[in-house]
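K.L.:
one predicted model, sequence on top.
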Amino acid sequence: MLSGYEYLITSLPALYFDNPPGISLDELDERVRTNTSKNAFEEFGAMSLWNLENTPTQTIQTFSDFSNNLFGEISRFRKAKRDGKLFTFSLLPINFSEQNPLEAEIEIMKRLWKEIEDLSFGHHFDFTEVLFYKLKFQILSRKYSFDGEKGKAIVQKVIFSLNTEEE
Amino acid sequence: MADGIKKVYPLSKVGKARAKTDLALAQKRGDYFEKRKNLLFGAVNTVKDDIRKLEISIQEEYERNANWFGVFADSLFDISTFVQIKAVHTESLTIAGVRVERFEKVEFENIEIDISETPLWADEGIQFIKDQSIREIMIACKRKKLELLDEALSEARSKETLYKEILPPHIENQLQKITGQLADEERLSIGTSKIIVRNRKEAI
């Protein structure tokens, strides 16, 4: 007899960094809702890659600390760049500053993904694994929202509206 | 036709002199409009060339940065709220008698970008949009300038044609006619005098 988490995790499609998630957010929410307690589902819903305050488990808190350090490093890098100063990375590759904006964003996601993989070690069929699944899902959703054609259309639309506004 | 000539240039020496003055004036005006046309033609070509260069530059920038455009579709960040134009500054100047506006700079609204709340790509994304907008606005300014210069060029061309090609043959024609008529009058007057002299001799 499988437990709720075992059943839930085995029913979810595996997530790979180089492939789009094979599940939608609504489907994921529904599966978690039907296989976990009300409290767990609320905690699952409240937690997000972009809001890691009051994390439900210690391991997620460790990830949250890492995430804060990583984004702190990126903020310091941006400030140094604005001030025309050199910056040395500790959590990101040395050549990070040479990457184009898309490569840089993917590098950040890759680093977060790697940290999740490392911290997931030893977590099998528990709530932490479910929460990490959501974080990975959010990384992939964002990664695959980066569509070149769509991005170009947005740029042209913004520039067009700026010029029209000016006329 | 003869009545028409009489109206413009009465058949007299004064009329002939006036026609000569008009002819000289027409030639002067023709030269002036030819110079103006040449200046405007040069200016129009320069502006067209500038527009073409800017269009190429816009296209090159799109191509050079196309490999990272995906970030603009980021589901987390809407760039449009971070770039707004406050004012476009231009300077008035006169080119061959035409008052035009020359682009000086674009002033963007000073919208603070919180580096802890915006994604990393926001910095380059915003800069890219600003740079491309500046080029587009420069093109718009130059197109307005081109419109005015083109209009003045076409006017200068038609006036040059009028003063150099249409009016001079007309005036010369008038002069020729007046000269002929004056010669006729002269011959008539000589003939009349001769008749008078002969009549007087016969009377004596």
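P.N.:
Noted; the coordinates are in hand.

K.L.:
mind listing what the spatially most central residue of chain B touches?
P.N.:
Per Cα atoms, centre = their mean, the C-alpha nearest to the average position across chain B is that of residue B:152, at 2.2 Å. Contacts here follow Cβ atoms under 8 Å, 6 or more residues apart in numbering or on different chains; on that basis residue B:152 touches B:36, B:40, B:96, B:97, B:98. C-betas here are computed from N, CA, C, even on glycine.

K.L.:
closest one to residue A:64 out of these, please.
P.N.:
Comparing the contacts of residue B:152 against residue A:64 with Cβ to Cβ places residue B:98 closest, at 65.1 Å.

K.L.:
wait, the closest one touches residue B:39, no?
P.N.:
No: in this structure, residue B:98 is not within contact of residue B:39 by Cβ atoms under 8 Å, at 9.6 Å.

K.L.:
separate out the buried members of the contacts of residue B:152.
P.N.:
Neighbour counting by 16 or more other Cβ atoms under 10 Å in any protein chain shown classes B:36, B:40, B:96, B:98 among the contacts of residue B:152 as buried.

K.L.:
show the pLDDT at the first one.
P.N.:
In this model, residue B:36 is scored at 94, pLDDT.

K.L.:
how about it: what's its closest non-neighbour residue?
P.N.:
residue B:156 (4.5 Å; Cβ to Cβ, 6 or more residues apart in numbering or on different chains).

K.L.:
if we can go back for a sec, for chain A, see how far away the residue nearest to the centre of chain B is.
P.N.:
Distance from residue B:152 to chain A, counting by Cβ to the nearest Cβ, to the nearest Å: 23 Å.

K.L.:
that residue: helix or strand, and which one exactly?
P.N.:
For residue B:152, the host element (DSSP states H and E) is helix B:121-161.

K.L.:
coming back round to it: please list the members of the contacts of residue B:152 that lie in helices.
P.N.:
Using DSSP state H, B:36, B:40 are the members of those that sit in helices.

K.L.:
from the buried ones among the contacts of residue B:152, which is closest to chain A?
P.N.:
Of all the buried ones among the contacts of residue B:152, chain A sits closest to residue B:98, with 21.1 Å by Cβ to the nearest Cβ.

K.L.:
dump the residue contacts of the closest one.
P.N.:
Per Cβ under 8 Å, 6+ apart, neighbours of residue B:98: B:40, B:148, B:149, B:152.

K.L.:
try it again at 7 Å.
P.N.:
Listed by Cβ atoms under 7 Å, 6 or more residues apart in numbering or on different chains, the contact set of residue B:98 reads B:148, B:149, B:152.

K.L.:
can you list the residues you listed in TSV and add pLDDT?
P.N.:
Below are the contacts of residue B:98 laid out as TSV (pLDDT from 0 to 100):
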residue	pLDDT
B:148	97
B:149	97
B:152	96
